[in-house]
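J.: quick one, structure for this:
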Amino acid sequence: MTQDTTALWHRIAGHFHPKPPRRLGVAVSGGSDSLALLLLVDEWRENGGPEVFAVTVDHGLRPEAAGEAKEVARICAGRGIVHETLTWRDWDQQGNLPDQARRARYSLMAEWAKAQGIGDIAIGHTADDQAETFLMRLARGAGVDGLSAMRTQWQQGDVRFHRPMLGLTRETLRDMLRARGQGWVDDPSNEDTAYARVRARAALVALEPLGISAGGLADVARKMADVRDTLYGYVIDAARENLRFEQGDLILGRAGFERLRPEVARRLLQAMLGWISGADYVPRGRAMEALLAAARDGRGMTLQGCLLSVTADDVRLSREFNAVAGLRVPVDGVWDGRWYVEQGPDIAGAELAALGEAGLRACPDWRLGGVPRASALALPGVWRGDELLGAPLLGWANGWSIKAMRGEEEFHKALLSH
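T.: Numbers count the residues shown, from 1 in each chain. You can find the predicted model right below:
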């Protein structure tokens, strides 16, 4: 083991300081970056680091992928590392393939880790990935958020994903592999200019004479992340001072909202949209500018299945009724990603569904709770067929209790992690 290699695995270990996991998963495709990560993490294990487990995802999109996974398994076996290959065969030939494959990859790995009792997975993204992402987003006219550095870690369900090599370049890692005589897989798609990332990689080479390097752009991305974090500090303060939670709605005092700087107000509205809709991605760009303008001007608007309504005193964001009108789940399930029955009688065939007009007619005293009509329509009630059994969120419990999975604490935690 060379001194340089020792320094590299120390950098990996430093990412997990001061509480390294006891068991660590490593995502390994067989490419140079992930293979270097595997070897460095394993050297850390040999020097008192965590127990190492490797996982490879075969998306079934290239015939060579199965052989590449077997090669990873062979390397792992030679080092005594437990390895498993996961397969994805669910692409319906529609939509954005790279995005669907990425989502599936992380979902499969999170499920694998949970089953193995592993709480952390390391991913082999490098400074080069950081720089390529920066250029791709710059081409799309991204702002502070888009140009900010990749997250070094994030939580997905019970598993935390880590990017411990964002400060290392791909060439540094390949030098390490060459010094060991360790080969790696080159995915043919890495040469296909139909992919924006491949074009960004080529652009980085062309920019080198100007002194623009992968490391330099990665450093710029980290500085942008500092700016982003500062902005979110103001957003958190604004939420604590102005935001109220009411029966699933989020409400801002209008006077306080109008005093917010546009960037802070826009980010706060984005966070509110994500909290109510539960969507993986919140709108950006023109859609958010339109929502911000509507809130400032006192106009109603719908976006991402949410309803914006403005009064003289409040800016309110609710679930849009049309987004949940046909949604029904058994009472032992979760409705609209956030509502569940906390307790209730054992009634066969009972379901959670939106109250709608029929539900409001069935509980005529609903107005006493002060919930606006548009918001009340989209709240869940307990139904059996066309019969309303209870509307506890509007004051008619009838033995039922419905609770939200996400509350004020979860909202503020989401802002902290942005």
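J.: A helix includes Arg316, no?
T.: No: Arg316 is assigned strand when assessed by DSSP: H, G, I helix; E, B strand; the rest coil, not a helix.
J.: okay, helices next: where are they in the stretch 251-400 of the chain?
T.: For the stretch 251-400 of the chain, applying DSSP state H, counting those that start in this stretch gives helices covering 254-258, 262-277, 285-297, 321-324, 356-362, 373-377.
J.: how about the CA coordinates for the longest one, as PDB?
T.: Same thing as helix 262-277. Provided in PDB are the C-alpha atoms of helix 262-277 (Å, rounded to 0.1, in the frame of the first residue of the first chain):
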ATOM      1  CA  PRO A 262     -38.100  37.200  -3.900                       C
ATOM      2  CA  GLU A 263     -35.500  34.400  -3.700                       C
ATOM      3  CA  VAL A 264     -36.500  33.600  -0.200                       C
ATOM      4  CA  ALA A 265     -40.300  33.700  -0.900                       C
ATOM      5  CA  ARG A 266     -39.900  31.500  -4.000                       C
ATOM      6  CA  ARG A 267     -37.900  28.900  -2.100                       C
ATOM      7  CA  LEU A 268     -40.400  28.900   0.700                       C
ATOM      8  CA  LEU A 269     -43.300  28.400  -1.800                       C
ATOM      9  CA  GLN A 270     -41.300  25.500  -3.400                       C
ATOM     10  CA  ALA A 271     -40.900  23.800   0.000                       C
ATOM     11  CA  MET A 272     -44.600  24.200   0.700                       C
ATOM     12  CA  LEU A 273     -45.500  22.700  -2.700                       C
ATOM     13  CA  GLY A 274     -43.200  19.700  -2.100                       C
ATOM     14  CA  TRP A 275     -44.500  19.200   1.500                       C
ATOM     15  CA  ILE A 276     -48.200  19.100   0.300                       C
ATOM     16  CA  SER A 277     -47.800  17.200  -3.000                       C
END
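J.: packing partners of it?
T.: In terms of contact count using 3 or more Cβ pairs under 8 Å, 6 or more residues apart in numbering; DSSP states H and E, helix 262-277 is assigned the packing partners helix 214-242, strand 249-253, helix 285-297, strand 306-310, strand 314-319, helix 408-417. In short, each C-beta sits where N, CA and C put it, glycine included.
J.: and the contacts of it?
T.: Residues outside helix 262-277 that contact it (Cβ atoms under 8 Å, 6 or more residues apart in numbering): 144, 231-232, 234-235, 238-239, 243, 248-250, 252, 257, 260, 279, 282-284, 288-289, 291-292, 295-296, 303-306, 317-319, 323, 406, 410-411, 414-415, 418.
J.: name the stretch among the helices of the stretch 251-400 of the chain that sits most buried.
T.: Of all the helices of the stretch 251-400 of the chain, helix 262-277 carries the top mean neighbour count, a mean of 22, counting by mean count of other Cβ atoms under 10 Å.
J.: give me the angle between it and strand 306-310.
T.: Comparing the axes of helix 262-277 and strand 306-310 via axes from the mean of the first three to the mean of the last three Cα atoms, to 10 degrees yields an angle of 130 degrees.
J.: select only the buried ones of the contacts of helix 262-277 in PyMOL?
T.: Restricted to buried positions by 16 or more other Cβ atoms under 10 Å, the PyMOL selection for the contacts of helix 262-277 reads:
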select buried, resi 231+232+234+235+238+239+243+248+249+250+252+257+260+282+283+288+291+292+295+296+303+304+305+306+317+318+319+323+406+411+415+418
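J.: center of this protein - which residue?
T.: Central residue of the chain (Cα atoms, centre = their mean): Asp280, 5.8 Å from the mean position.
J.: quick revisit: now tabulate the helices of the stretch 251-400 of the chain in TSV and tack on mean pLDDT and distance to Gly80.
T.: Listed next are the helices of the stretch 251-400 of the chain as TSV, based on pLDDT from 0 to 100; distance: least, Cβ to Cβ, whole Å:
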stretch	mean pLDDT	distance to Gly80
helix 254-258	96	58
helix 262-277	95	43
helix 285-297	95	50
helix 321-324	97	51
helix 356-362	95	60
helix 373-377	96	58
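J.: buried residues, stretch 131-147. List them.
T.: For stretch 131-147, a neighbour-count test (16+ other Cβ under 10 Å) marks 131-137, 142, 145-147 as buried.
J.: what about those residues, which are in helices?
T.: Those of those mapping onto helices are 131-137, 145-147, per DSSP state H.
J.: so how far is Phe134 from the residue nearest to the centre of the chain?
T.: Distance of Asp280 to Phe134, computed by Cβ to Cβ, to the nearest Å: 22 Å.
J.: just to revisit the earlier point, same list, the helices and strands packed on helix 262-277, but as TSV with distance to Asp386 please.
T.: As requested, the helices and strands packed on helix 262-277 are exported to TSV (distance: least, Cβ to Cβ, whole Å):
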stretch	distance to Asp386
helix 214-242	40
strand 249-253	26
helix 285-297	35
strand 306-310	25
strand 314-319	22
helix 408-417	34
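J.: ok, of those, where does mean pLDDT dip lowest?
T.: Between these, the one with the least mean pLDDT is helix 408-417; it has a mean of 84.
J.: gap between the longest strand along the chain and the chain center?
T.: Ranked by residue count, the top strand of the chain under DSSP state E comes out as strand 51-58. Distance of strand 51-58 from its chain centroid, counting by Cα atoms, centre = their mean, to the nearest Å, is 21 Å.
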